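**Q** Provided below for reference: sequence and predicted model.
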Amino acid sequence: MSYPERALSPIQKRTIVNQAMDQIRELIASGAYKPGDKLPTEKELAEQLGVGRSSIRETIKVFNYLGVLESKSAKGTFVSSRSSISREVLTWALLLGEDDIRMVIDLRAAIELWSFLQITQRFHDAPYDNMALVGKLNTLLNTMSKAIANQDANAVIQADYDFHRCIIEGVSNTLFVEFYDILRSFLLKEIEASQSRYMDWTKILEEHRALLDALVSGNLQTAINAYQGHIENIKKLLGVKSSNQ
């Protein structure tokens, strides 16, 4: 069996498994192996890298856990698709980082604002083609309204998150949706903290209705003002300074 030609360097110095991971990662990053492609066998990789098969086995185990590779019994090891990448690992990367709440809010805002503007432009260009999204958002606002009436804090928080996620999903950018889902646990905590500062929960509903109105206006400046106002209000409620302060 022939494999894509790409030179592999003998392992030197650092931890053998780490070096093996680096080289296999480079093979994938270079395009030598794409999603669905079968990797050489453990024996072949060990020979090319000049290491023992046990080191290759450990390397593959790590990549299997990360979701980068998938080992199939009696078939071999294959490169996985992006959708298989472990969200848990990325979530831990954020949990163990030293990013403050302002950075998380700004990261959220970067994804949300771009999505917000894309949808606003669509309403400007073809408003009637996007009414299904309006229906979904109105349904979420009705859910939020009922939750507020029932004093159901958890349901209000979830409706808030779902409202913003629905807009992001409407852009049809799977990377945005996947990354937003990774941030979910952080965002729910942030939403919970900011909503707890409201004396009147109906203001939460009013803010989100204003966002929907700005979205369907088709006016980009109106959308920018509405969304930036929303994020600045969240920062104010949480006592978080803007990045330019």
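**A** All right, it came through fine. Quantities reported herein were computed from a predicted structural model and do not represent experimental measurements.

**Q** now do the buried residues in stretch 209-226.
**A** The neighbour-count check on stretch 209-226 (16 or more other Cβ atoms under 10 Å) flags 211-212, 214-219, 223, 226 as buried. Every residue, glycine included, has its C-beta placed from N, CA and C.

**Q** what's in contact with that stretch?
**A** Here stretch 209-226 makes contact (Cβ atoms under 8 Å, 6 or more residues apart in numbering) with 113, 116-117, 119-121, 123-125, 127, 134, 137-138, 141, 163, 167, 227, 230.

**Q** show the backbone phi and psi for the residue nearest to the spatial centre of the chain.
**A** Centroid check for the chain by Cα atoms, centre = their mean gives Phe179 as the closest residue, at 0.4 Å. In terms of degrees, to the nearest 10, the main-chain angles of Phe179 are phi -70, psi -40.

**Q** run a quick neighbour tally on Gln19.
**A** Around Gln19 there are 19 other residues, counting by other Cβ atoms under 10 Å.

**Q** any idea how far Arg197 is from it?
**A** When distance is defined by Cβ to Cβ, to the nearest Å, Gln19 is 50 Å away from Arg197.

**Q** now do Leu187
**A** From Leu187 to Arg197 the distance is 16 Å (Cβ to Cβ).

**Q** do Leu69 as well
**A** Taking Cβ to Cβ as the measure, Leu69 falls 46 Å from Arg197.

**Q** part of a strand, is Ser71?
**A** Yes - assigned with DSSP: H, G, I helix; E, B strand; the rest coil, Ser71 falls within a strand.

**Q** once you drop chain neighbours, what's closest to it?
**A** Thr77 (4.6 Å; Cβ to Cβ, 6 or more residues apart in numbering).
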